[in-house]
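A.B. asks: Structure for this input, please:
(chains A and B)
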Protein chains: 2
Amino acid sequence: MATKRNAFYAQSGGVTAVINASACGVIEMARANRDRIGKVYAGRNGIIGALTEDLIDTGKETASAIALLRSTPSGAFGSCRYKLKSIDSHRREYERLIAVFQAHDIGWFFYNGGGDSADTCFKVSQLADSMGYPIQAIHVPKTVDNDLPITDCCPGFGSVAKYVAVSTLEASFDVRSMCLTSTKVFVVEVMGRHAGWIAAAGGLVEDHGIPVVILFPEIEFDEKKFIARVGKLVKEHGYCSVVVSEGCHYPDGRFLAEQGTKDAFGHAQLGGAAPVVANMVKEALGHKFHWAVADYLQRAARHIASKTDVKQAYELGKKAVELALKGHNAVMPTVERLSDVPYKYRIGVADLAKVANVEKFMPRDFITKDGYGITDKCKRYLRPLIQGEDYPKYGRDGLPVYVTLKNVAVAKKLGGFALKA
Amino acid sequence: MATKRNAFYAQSGGVTAVINASACGVIEMARANRDRIGKVYAGRNGIIGALTEDLIDTGKETASAIALLRSTPSGAFGSCRYKLKSIDSHRREYERLIAVFQAHDIGWFFYNGGGDSADTCFKVSQLADSMGYPIQAIHVPKTVDNDLPITDCCPGFGSVAKYVAVSTLEASFDVRSMCLTSTKVFVVEVMGRHAGWIAAAGGLVEDHGIPVVILFPEIEFDEKKFIARVGKLVKEHGYCSVVVSEGCHYPDGRFLAEQGTKDAFGHAQLGGAAPVVANMVKEALGHKFHWAVADYLQRAARHIASKTDVKQAYELGKKAVELALKGHNAVMPTVERLSDVPYKYRIGVADLAKVANVEKFMPRDFITKDGYGITDKCKRYLRPLIQGEDYPKYGRDGLPVYVTLKNVAVAKKLGGFALKA
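C.D. replies: The predicted structure follows:
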């Protein structure tokens, strides 16, 4: 059978609380198959590491350091936002990739990312056909946005969903305590530029008696209707919470965050969607408000990661290696849901050609008719994904024990390479 | 010996992740002393509940519901921002308090709050002398701001400090992974109007190799110096994190961001220093930035509460009842630190007259000379306060099990009372 060749692994795009758990799965599985897979080289800062021949020898890391990846957020080898263009227009980059792969005898390519990255991984998977370089490329799904097609969910999403649901519940309890004389409307802004999966997670607090309004990117923003909804909830409950997706926008496509307003000195008004929404409520209803913007805190929050999510991230990493060993190319392991309650799933396989550049939005029947909440169907979908806790260890200083790898560089064999601007 | 009388307990001011743990301590200790303490009535929405005779009979709650208070954030009986003015100018309010206390045979008064509330509690403690109504008033300290004098720390602070330190660590790991092609400066805004204790907690991530700049309310903001500091760190590390206190201000007292609105105590309502700081960095250095505003998420974050903090909140609640039973009046139980490593403390007692309206700021020797970091002395102070985890239970829906009490009203015996506007 095939001779022993080295593997390349890279992290791509926005990092998550569990992308390192996938890295852990890839590396541990590769180490368990040393007869087929030689070294595992990681790209320093993602695919840029491959282009610049900046490779990390993961073999220099101890087994316990690799095991700690499972409970460490962020991208341990560095990630980047860098999308390979088409082979026709950017042949020079692909030739360079092949030169680097050849120089380091890389025959396995594992790429850990979202939709854009799936496209890059697909292009690499075609290098045998397109440029005569034999390589097997497997994509490991990752994105807090949960917008990859085919797979039931994406590693990274369950943990950010748990963070958003827990944080919304806690802040809503806070507001409920104080609403008679203080804040009546609390607004929290969450990620999701195009798809409202993350915002949807805030809707889970409804089952705990919390009045909540969700603003999805999938639903065009209607200020009058929104204000009426908030007004009604405050009248009924004395308070309400609003979870606004950063991608929430007007019918003309303008984001809520882009108000174009200026202060008295002519400076552009700063801030995200949350302060805009909060001020709308204040002006229309006069209610005292508070707002939060979770930003990176949400996607990095390994301390409150979903156990289901961590487990799947790890399993998909392992499965990617298994698929490669079985001879697969241009595929991505997926989560196939078998049942909601009890939650059962199995790991499946998708053709990468069908994954690349396809975004999965919230189905309309996951959003309530009025556009401000989630349906029971959506709740049944979300609940298993935030189930279980998978706490990191804590040190004597009260902080989590997250690993920083040595990231030892592999000696270069080629000359330099100028990245395109 | 004293006859058996009823107790009044109320929560005041901004709620925290552990104020209910103090409530739990008060109620459990009172229940253990039924020979001396009859009913425990809680004020619905704090002192407003006393003025409007809106009392909650905590006796209607099961022992297990009361036990769950220990792991439930927010104020279970409702809190308020309502400060009693002087007896001379507002005699009508004090007469009403006495009427309500008398009607419900209340002889014990437990008030759970911060500096403003300590003042209210002190005034109540003087009702025997000033207006001939015999009552013992004990203050239970609570404030995320950690700005009460005499006590080594305040319940609520340790948990918000843990949240800020953990979140800053996690987000910094995230930024470090991506800084080559993406965000280089991450700014997180935290609470602390006048005292920088909460912001200081962000400095603990330094020991994990994270370059961080802290902006304290105690240090006048100097834009040029700040930009130079950020520029230096980004040059050295490729990225840096900034923790900015909402109370950070210019030499003339102007806050970095002020929304113009004021709360019930007349304090300016703040929020939005983070985007201001982030844009400064962008304009001066051109670095890509991200910013977060933690707002209520930080003080409600029971899911990552400090075990030390939860324990102390509970113990101080219990101690308040013990002090009352021993005949004390106008006092507040305190935390007296005995040693940093290993952390040892005992519960002490402070005269309320010395607590009310006194704010404790960060000592200058807790802040580094340049004004942007914390000293080893500060770290030794902070570390024990964020030590240990005290996780809530989680339900099958993946969310924490937080209790919502029945809050059964006590039958009114008096006519209505109009609160001052």
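A.B. asks: I'd like to check which residues are in contact with the residue nearest to A:Gly156 when sequence neighbours are not counted.
C.D. replies: Leaving aside its sequence neighbours, A:Gly156 sits nearest to A:Thr16 (Cβ to Cβ, 6 or more residues apart in numbering or on different chains; 3.2 Å). Backbone N, C-alpha and C define where each C-beta goes, glycine included. Neighbouring residues of A:Thr16 by Cβ atoms under 8 Å, 6 or more residues apart in numbering or on different chains: A:73, A:142-144, A:155-156, A:159-160, A:299-300.
A.B. asks: change it to 6 Å
C.D. replies: By Cβ atoms under 6 Å, 6 or more residues apart in numbering or on different chains, A:Thr16 lies in contact with A:142, A:144, A:156, A:299.
A.B. asks: Also A:Gly247?
C.D. replies: Under the criterion of Cβ under 6 Å, 6+ apart, the neighbours of A:Gly247 are A:192-194, A:217.
A.B. asks: ok, those residues vs chain B, which is closest?
C.D. replies: Closest approach to chain B among these (Cβ to the nearest Cβ): A:Arg193, at 13.5 Å.
A.B. asks: any idea which element the closest one lies in?
C.D. replies: Secondary structure assignment for A:Arg193, by DSSP states H and E: no helix or strand.
A.B. asks: List the buried residues of stretch A:388-408.
C.D. replies: Within stretch A:388-408, the residues that qualify as buried are A:388-390, A:392, A:394, A:397-400, A:402-403, A:405, counting by 16 or more other Cβ atoms under 10 Å in any protein chain shown.
A.B. asks: For those residues, could you give me JSON lines that also reports pLDDT and distance to chain B?
C.D. replies: Converted to JSON lines, the buried residues of stretch A:388-408 look like this (pLDDT from 0 to 100; distance: Cβ to the nearest Cβ, whole Å):
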{"residue": "A:Gly388", "pLDDT": "98", "distance to chain B": "7"}
{"residue": "A:Glu389", "pLDDT": "98", "distance to chain B": "6"}
{"residue": "A:Asp390", "pLDDT": "98", "distance to chain B": "11"}
{"residue": "A:Pro392", "pLDDT": "98", "distance to chain B": "9"}
{"residue": "A:Tyr394", "pLDDT": "98", "distance to chain B": "6"}
{"residue": "A:Asp397", "pLDDT": "95", "distance to chain B": "5"}
{"residue": "A:Gly398", "pLDDT": "97", "distance to chain B": "4"}
{"residue": "A:Leu399", "pLDDT": "98", "distance to chain B": "6"}
{"residue": "A:Pro400", "pLDDT": "98", "distance to chain B": "6"}
{"residue": "A:Tyr402", "pLDDT": "98", "distance to chain B": "6"}
{"residue": "A:Val403", "pLDDT": "98", "distance to chain B": "10"}
{"residue": "A:Leu405", "pLDDT": "98", "distance to chain B": "11"}
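A.B. asks: Measure how buried A:Asp370 is and give me the count.
C.D. replies: Using other Cβ atoms under 10 Å in any protein chain shown, A:Asp370 has 10 neighbouring residues.
A.B. asks: And for the one 3 residues further on?
C.D. replies: Around A:Gly373 sit 20 other residues, with neighbours defined as other Cβ under 10 Å.
A.B. asks: who's in contact with it?
C.D. replies: A:203, A:214.
A.B. asks: how near is it to A:Tyr41?
C.D. replies: For A:Gly373, the distance to A:Tyr41 equals 47 Å [Cβ to Cβ, to the nearest Å].
A.B. asks: before we move on, what about A:Gln126?
C.D. replies: Distance, A:Gln126 to A:Tyr41, using Cβ to Cβ: 21 Å.
A.B. asks: mind listing the strands for chain A?
C.D. replies: Secondary structure of chain A (DSSP state E): strands at A:5-11, A:37-43, A:55-57, A:106-113, A:136-141, A:185-190, A:212-215, A:240-245, A:289-293, A:331-339, A:344-351.
A.B. asks: Just tell me which of the ones you listed ends up closest to chain B.
C.D. replies: With Cβ to the nearest Cβ as the measure, strand A:289-293 is the member of the strands of chain A nearest chain B (3.7 Å).
A.B. asks: just checking, what packs against that closest one?
C.D. replies: strand A:185-190, helix A:273-285, strand B:289-293, helix B:295-300 (3 or more Cβ pairs under 6 Å, 6 or more residues apart in numbering or on different chains; DSSP states H and E).
A.B. asks: Dump those into JSON lines; add mean pLDDT and distance to A:Cys248 as well.
C.D. replies: Formatted as JSON lines, those follow (pLDDT from 0 to 100; distance: least, Cβ to Cβ, whole Å):
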{"stretch": "strand A:185-190", "mean pLDDT": "98", "distance to A:Cys248": "9"}
{"stretch": "helix A:273-285", "mean pLDDT": "93", "distance to A:Cys248": "6"}
{"stretch": "strand B:289-293", "mean pLDDT": "95", "distance to A:Cys248": "17"}
{"stretch": "helix B:295-300", "mean pLDDT": "98", "distance to A:Cys248": "19"}
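A.B. asks: Next, format the ones you listed as a markdown table and append distance to A:Glu93 and mean neighbour count.
C.D. replies: As requested, the helices and strands packed on strand A:289-293 are exported to a markdown table (distance: least, Cβ to Cβ, whole Å; neighbours: other Cβ atoms under 10 Å in any protein chain shown):
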| stretch | distance to A:Glu93 | mean neighbour count |
| --- | --- | --- |
| strand A:185-190 | 35 | 30 |
| helix A:273-285 | 36 | 21 |
| strand B:289-293 | 28 | 25 |
| helix B:295-300 | 42 | 28 |
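A.B. asks: Distance to A:Leu84 added to these, as CSV?
C.D. replies: Conversion of those to CSV gives the following (distance: least, Cβ to Cβ, whole Å):
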stretch, distance to A:Leu84
strand A:185-190, 30
helix A:273-285, 32
strand B:289-293, 25
helix B:295-300, 38
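A.B. asks: For A:Val349, find the nearest of these.
C.D. replies: Between A:Val349 and the helices and strands packed on strand A:289-293, the shortest gap by Cβ to Cβ is with strand A:185-190, which sits at 31.0 Å.
A.B. asks: What strands flank the closest one, and is each parallel or antiparallel?
C.D. replies: Paired strands of strand A:185-190, with direction, are strand A:240-245 (parallel), strand A:289-293 (parallel) (DSSP bridges).
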